[in-house]
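Student: Requesting a structural model of the entry that follows:
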Amino acid sequence: VSELARLYCELRRMGAGLDTIDIGGGLGVDYDGSNSAWPSSVNYSLAEYASDVVYRIKTACDDAGQPHPDIISESGRALSAHSSVLIFNILGRARFRGDPDMPWVRRLIEAEEGAGGEIPQPVRDLLQAWEAIDNAEAMDDAQAAEAYHDALQARTEARTLFNLGYLSLPMRAVADRLYWAIGRTILRLTEGRAEGGLPDQIDGLPEQLSDICFCNFSLFQSLPDSWAIGQIFPIMPIQRLDEKPTRRAILADITCDSDGRITRFGCADQRECKPTIEVHDTPIGDDGTLREPYYMAAFLVGAYQEVLGDLHNLFGDTHAVHVSLHSDGWRIDDVVEGDTVREVLGYVQFDVDALRRSMRRETERAVRRGSMSVAESRNLLRFYEQGLEGYTYLE
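Tutor: The predicted structure follows:
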């Protein structure tokens with residue numbers, strides 16, 4: 001800004017009739033709430049930003065005896081980021097179980113021994129490690145790192161033996177169960193103790209021991225910067241706010257891409273991102289789907305996420321609701337329907353009418369062969385038509 005102000009003054013002195021300075025963009029957004037110099041935050045306020053800009057320009061103009069200019073800015077991100085919120089529902093959850101179920105473990109071990117087999121050393125090491133920390137009340141960083149490294153080494157050896165055919169499947173299951181139980185115990189004894197977070201040696205544990213929440217959106221369509229540049233967005237549940245969340249999770253979208261997940265979350269009281277997010281425990285059916293609605297939201301997504309999104313896996317634009325605030329409350333001004341399956345297929349050059357005709361011909365052939373009744377063919381065609389006109393996300 002100082003250089004720009006001096007340039008303005010020099011051009012004025014040389015006769016240019018300038019009366020405005022455009023300071024451009026650059027005003028940041030505090031995405032993680034830490035008010036720090038970290039990439040997803042800013043360590044200054046809007047008032048401080050404006051004050052510094054005005055002071056630098058005023059000082060340069062006063063020193064050069066030039067009139068103060070009008071100052072304009074192009075702070076697109078700071079203006080637009082707060083304007084949009086992405087709301088999505090959780091479809092299902094893969095629940096992590098850290099309970100070793102010791103009676104089950106011991107039954108498998110006894111069965112292995114009863115069949116004349118010898119318990120492999122890695123399994124014995126894991127069992128001893130679990131018994132050593134099961135009743136512990138505290139653990140310092142060095143103890144946590146040693147316990148984790150020992151468990152990781154033993155589990156790696158157990159997997160190697162299994163891959164080579166020297167470890168039975170039940171013993172592989174015992175090794176995995178004990179490893180997860182050790183990890184959960186280490187996490188319980190170390191989390192929340194130190195202001196700086198977890199010891200560096202075990203900072204990957206929370207993600208390994210977390211649930212996976214399957215979210216009804218596409219990361220590549222609705223939060224592309226999260227995938228492309230690691231942008232942190234504030235994310236939280238928007239219901240049951242009077243209840244403390246008791247589960248940790250990572251978020252996965254409904255694309256088939258393994259990159260379609262969020263494993264970095266902002267934390268205002270820590271200098272580093274969290275690998276998991278706190279969510280509420282919700283009833284889960286046998287198929288892993290939630291038995292009751294559960295909604296979350298990603299905030300500060302107004303800075304270009306909607307226009308940057310792409311059609312990965314053919315998930316289109318989401319529904320959009322335009323809401324305005326007034327002195328007497330809020331008002332829904334407009335509802336914009338998201339893309340339909342028909343529209344998205346058209347974007348990638350599929351002839352939807354040709355697809356419909358092809359489906360009709362196939363059902364007619366099935367009726368002639370006797371593999372489908374007329375009523376069944378009508379129901380299938382009706383279902384197909386509804387699918388073409390339906391939303392690209394799960395309804």
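Student: Distance of the residue nearest to the spatial centre of the chain relative to residue 307?
Tutor: What sits nearest the mean C-alpha location of the chain, by C-alpha atoms, centre = their mean, is residue 262, with 2.4 Å. Residue 262 is 20 Å from residue 307, where distance means C-beta to C-beta, to the nearest Å. The C-beta positions use only the backbone N, C-alpha and C, and glycine is treated the same way.
Student: Please, where are all the helices along the stretch 101-250 of the chain?
Tutor: Ranges of helices in the stretch 101-250 of the chain, per DSSP state H, counting those that start in this stretch, are 102-114, 121-133, 141-163, 169-190, 205-208, 219-222, 224-228.
Student: and of those helices, who's closest to residue 333?
Tutor: If you check each of those against residue 333 by C-beta to C-beta, helix 219-222 wins as the nearest, at 21.1 Å.
Student: what helices or strands is that closest one leaning on?
Tutor: Contact partners of helix 219-222 among helices and strands, from 3 or more C-beta pairs under 8 Å, 6 or more residues apart in numbering; DSSP states H and E: helix 224-228.
Student: Could you name the helices and strands sitting against the helix it packs on?
Tutor: Checking 3+ C-beta pairs under 8 Å, 6+ apart, helix 224-228 ends up next to helix 219-222, helix 305-308.
Student: re earlier: find me whatever residue is spatially closest to the residue nearest to the centre of the chain, sequence neighbours aside.
Tutor: Leaving aside its chain neighbours, residue 262 sits nearest to residue 251 (4.3 Å; criterion: C-beta to C-beta, 6 or more residues apart in numbering).
Student: residues contacting residue 58?
Tutor: Shown in contact with residue 58 (C-beta atoms under 8 Å, 6 or more residues apart in numbering): residue 68.
Student: Which strand or helix spans it?
Tutor: helix 46-64 (DSSP states H and E).
Student: Check which residues of that helix are buried.
Tutor: 49, 53, 56, 57, 60, 61 (16 or more other C-beta atoms under 10 Å).
Student: for the record, mean pLDDT for that helix?
Tutor: The average pLDDT within helix 46-64 is 95.
Student: try stretch 359-369
Tutor: 95.
Student: Buried residues, that stretch. List them.
Tutor: Those buried within stretch 359-369 under the rule 16+ other C-beta under 10 Å are 359, 363, 367.
Student: Help me confirm that the second one comes into contact with residue 383.
Tutor: No: in this structure, residue 363 sits apart from residue 383 without contact. The criterion is C-beta atoms under 8 Å, and the distance is 10.9 Å.
Student: hmm, back to that, so which of the buried residues of helix 46-64 comes closest to residue 105?
Tutor: residue 49 (58.9 Å).
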